[in-house]
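Asker: Build me a structure from this.
(one chain, ligands or ions: 2)
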Amino acid sequence: MAAQYVLGMDLGTTSIKVVLLDSQSKTVTDSRAFPASSDVSNEDAEHAKEQDPARIVSALDQCMAALPKEKLNKVICIGVSGQMHGVVFWKSRTGCKWSSGDAGHTFIPQDVSRLITWQDGRCSSDFLSSLPKPESHLSVATGFGCASIFWYTKHRPALLSEFSVAGTIQDYVVSMLCGSEDCVMTGQNAASWGYFNTTNNQWNMEILKGAGFPVHLLPVPVESGSIAGRTCSAWHGIPADTPVGAALGDFQCSVYSCMRDKADAVLNLSTSAQLTFAMPADFTPPIAPDPVPPIAYFPYFHNTYLAVAASLNGGNVMATFVGMLTSWMKELGVELSESKVYSTLVQCALTQPNTDLCVTPTLLGERHNPTSLGRVSDISPTNLSLGHVTRGVCRGILANLATMMPPQMLLAAGVKRIMGSGSALSRNEVLKQEVERMSPLPVVYGEDVDSAVGVAMVFNDKLCKDTARSISHSVYCKHVT
Ligand SMILES: Nc1ncnc2c1ncn2[C@@H]1O[C@H](COP(=O)(O)OP(=O)(O)O)[C@@H](O)[C@H]1O
Ligand SMILES: O=C(CO)[C@@H](O)[C@H](O)[C@H](O)[C@H](O)COP(=O)(O)O
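Answerer: Ligands and ions are numbered 1, 2, ... in the order given. Below you'll find the model as predicted:
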């Protein structure tokens, strides 16, 4: 049989990744990644963190154009994952413009707002406490879609009135590919917006209506793993009418790419960081939110949950350190590329296996403790080299995660090993060393373990199951007729 492929895409906070998974051998044959470089400033809202969807789609186009054409026309399903919690608004029917060029048919965003990301800090604690209590086990934090929409309702209602649909950036891409007039959203992404009951897969409609929330903007909830629609046009050589999965969370997809059984915990380090393990199949989340503990229970697939320490401070801490050094050097008259700075820092820290410098790198605070920001202590004249400071930063990222989900918790849950995923980890030997130092359990780094691979696997597994079901159905039909 001729080869067929499932395309997986991940719209991350820092970079866009795409992979082709051979449907039969279940191996990744091709992968591409490009930086999204989509951050845009907004002087109009304090602590805003926004991105430009046009740049995200343009980085996606770059990735797609770099995949082998002859394989793209053999793609039988598309899966999309991406950064959770964020919200983007668009106008139904005119959310993009299709055009054809050298890369084949592509779409360009139009009538779309900026993406307000999960790193957005405009919702202060006072603002959040003025919002109604959700009927969900997940509390609402700044950067969550519903909190951002509440903020716009109160502070910039005119912007909301320009748009008729809302979703995460991955939902937007799925809607455009399918030419949908509205937006469907899986429980994985809906839970990340807040005000979503994961038990019945429904929004807290009455609570939201009662608080004056523009409920017409809420996407239609669908099951995680379901198909949203079919491509409305050929796209980068992928035929029109190809099934597109409803978008999934990047966190859940990174877990799917590498968790083999209940004895695996997963540590994902990308822009953010998550340490997670699977809850028993009969676990049901508490009825009300508890904002204090650093562990949250996020929906996975088929009514199961993942216990997660979701840290806001992962690879972005290293990125901020690199950005700081690069701009200091520029001010001092030296120009160095960021990739050179990364590789130099990693080399310096590898020759400095230990440090007594103590870095708490919670630059963005944490959702359970938003006001506690970063600190450096125990500074002495002998621990200020690049090696010491980089070692301290990397150690601090892992130490912070370990305070959120201590190793004893993993052991008590029956975890036997930690699977490492995410490119911030795979590209940084010092972070790997620090994971191994922190963990009493063996740490395994797979090849190709990240969200783009995970989302391709989800839909390939679905196709295999559906095919098996229809074969046994046709065998049954033959038998009874
Ligand atoms: N040249 C590099 N060497 C090592 N690490 C890097 C390099 N460039 C970026 N990183 C790390 O990778 C992180 C982004 O990882 P990525 O997988 O692209 O994130 P996301 O999935 O959130 O888009 C950055 O925050 C940074 O820590
Ligand atoms: O809260 C969670 C997951 O529970 C988050 O950390 C979530 O996975 C991330 O914030 C976003 O999805 C961003 O992911 P990434 O760009 O860092 O890969």
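
Asker: per-domain residue ranges of the chain.
Answerer: 5-252, 260-449 (automatic domain parsing).

Asker: could these go into TSV alongside mean neighbour count?
Answerer: All C-beta atoms are positioned from the backbone trio N, CA, C, and that covers glycine. TSV is the format used below for those (neighbours: other Cβ atoms under 10 Å):
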stretch	mean neighbour count
domain 5-252	20
domain 260-449	18
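
Asker: and Val458, which of the ones you listed is closest to it?
Answerer: Closest to Val458 of the domains of the chain is domain 5-252 (Cβ to Cβ; 5.9 Å).

Asker: is ligand 2 contacted by the closest one?
Answerer: Yes. Domain 5-252 is in contact with ligand 2 by Cβ under 6 Å from any ligand atom, via 12-13, 83-85, 118, 250-251.

Asker: thinking again about what came up before, export the domains of the chain to JSON lines and tack on mean pLDDT?
Answerer: Formatted as JSON lines, the domains of the chain follow (pLDDT from 0 to 100):
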{"stretch": "domain 5-252", "mean pLDDT": "97"}
{"stretch": "domain 260-449", "mean pLDDT": "96"}
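
Asker: Nearest to Thr467, out of those domains?
Answerer: Nearest to Thr467, of the domains of the chain and by Cβ to Cβ, is domain 5-252 at 9.7 Å.

Asker: Skipping adjacent residues, who's closest to Ala399 in space?
Answerer: Nearest non-adjacent residue to Ala399, counting by Cβ to Cβ, 6 or more residues apart in numbering: Met438, 7.0 Å away.

Asker: again, but for Glu335
Answerer: Residue nearest to Glu335 in three dimensions, not counting chain neighbours: Met329, with 7.2 Å by Cβ to Cβ, 6+ apart.

Asker: got the residue ranges for the strands in the stretch 51-200 of the chain?
Answerer: Ranges of strands within the stretch 51-200 of the chain are 75-82, 88-90, 96-101, 104-109, 115-116, 165-167, 184-186, 196-197, based on DSSP state E, counting those that start in this stretch.

Asker: got a markdown table for the ones you listed, with distance to Phe34 too?
Answerer: Listed next are the strands of the stretch 51-200 of the chain as a markdown table, based on distance: least, Cβ to Cβ, whole Å:
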| stretch | distance to Phe34 |
| --- | --- |
| strand 75-82 | 14 |
| strand 88-90 | 20 |
| strand 96-101 | 18 |
| strand 104-109 | 15 |
| strand 115-116 | 17 |
| strand 165-167 | 22 |
| strand 184-186 | 25 |
| strand 196-197 | 32 |
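
Asker: so which of these comes closest to ligand 1?
Answerer: Checking the strands of the stretch 51-200 of the chain against ligand 1 by Cβ to the nearest ligand atom gives strand 75-82 as the closest, at 8.8 Å.

Asker: Just list the residues touching the closest residue to ligand 1 within the chain, thanks.
Answerer: Minimum separation of the chain from ligand 1 (Cβ to the nearest ligand atom) falls at Gly12, amounting to 2.2 Å. Gly12 sits next to 36, 82-83, 250, 270-271, 451 when contact means Cβ atoms under 8 Å, 6 or more residues apart in numbering.
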